[in-house]
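Q: What follows is a predicted protein model with its sequence.
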Amino acid sequence: MPAVLIILGSKSDVEVGRKALDILKRFGTEAKMVVASAHRTPDRVKDMVTQSGADVFIAVAGMAAALPGAVASFTTRPVIGVPISGKLGIDSVLSIVQMPPGIPVACVGLDRGDNAALLALSILALHDQRLAKELVSYRKEMADMVENDSKEVQA
């Protein structure tokens, strides 16, 4: 059973979903990626969510971006929405962050499947010391990269 279920609104979202999957795999966290549309296959979305044993859901969607909200309507487990950049650029962001009261969805930046995975890992790390330690190491690694970049720029 995956700890994180990544649901893509369409196959065209696969690259953003892979960003999340790659981070989750790096941390040794089981994840599964599937496609289901909030508008075209609502029953599939409902079945996937209600029958899943996942602790966290990542819902990747563009345009109207109803998928994260649809997922959240079927569970009380955390849902992280990843808006896909589109023609307007922020239409999917607004669709995710403007959820009605009572059905919250977290939202990361446009196309940031990687940040969605890191947020999911932070949630899972509340009860997993191994993950918590690995996240601390990951952040140190990122800080070291910035320090090295600064040294290169100064040279």
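A: Nice, I can see it.
Q: And the helices in the protein?
A: In the chain, the helices defined using DSSP state H lie at 14-26, 42-51, 67-73, 91-97, 113-124, 129-154.
Q: Need the winner for burial among those helices.
A: Mean neighbour count, computed with mean count of other C-beta atoms under 10 Å, is highest for helix 67-73 among these, reaching a mean of 25. From N, CA and C alone the C-beta is placed, and that goes for glycine too.
Q: how far does that helix sit from the chain's center?
A: The chain centroid and the centroid of helix 67-73 are separated by 13 Å, computed with C-alpha atoms, centre = their mean, to the nearest Å.
Q: Of the helices of the chain, which is nearest residue 34?
A: Of all these, helix 42-51 sits nearest to residue 34, with 6.4 Å by C-beta to C-beta.
Q: Which elements pack onto that closest one?
A: Where contact means 3 or more C-beta pairs under 8 Å, 6 or more residues apart in numbering; DSSP states H and E, helix 42-51 is packed against strand 4-8, helix 67-73.
Q: Could you dump the ones you listed into a markdown table and include distance to residue 118 and mean pLDDT?
A: Formatted as a markdown table, the helices and strands packed on helix 42-51 follow (distance: least, C-beta to C-beta, whole Å; pLDDT from 0 to 100):
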| stretch | distance to residue 118 | mean pLDDT |
| --- | --- | --- |
| strand 4-8 | 11 | 98 |
| helix 67-73 | 17 | 97 |
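Q: Tabulate those (TSV), appending distance to residue 100.
A: As requested, the helices and strands packed on helix 42-51 are exported to TSV (distance: least, C-beta to C-beta, whole Å):
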stretch	distance to residue 100
strand 4-8	20
helix 67-73	8
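Q: Nearest to residue 135, out of the ones you listed?
A: Judging the helices and strands packed on helix 42-51 by C-beta to C-beta, what sits closest to residue 135 is strand 4-8, at 14.4 Å.
Q: how about the CA coordinates for the closest one, as PDB?
A: Provided in PDB are the C-alpha atoms of strand 4-8 (Å, rounded to 0.1, in the frame of the first residue of the first chain):
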ATOM      1  CA  VAL A   4       1.400   8.600  -1.000                       C
ATOM      2  CA  LEU A   5      -1.100   8.400  -3.900                       C
ATOM      3  CA  ILE A   6      -0.400  10.800  -6.700                       C
ATOM      4  CA  ILE A   7      -3.400  11.400  -8.900                       C
ATOM      5  CA  LEU A   8      -2.900  13.200 -12.200                       C
END
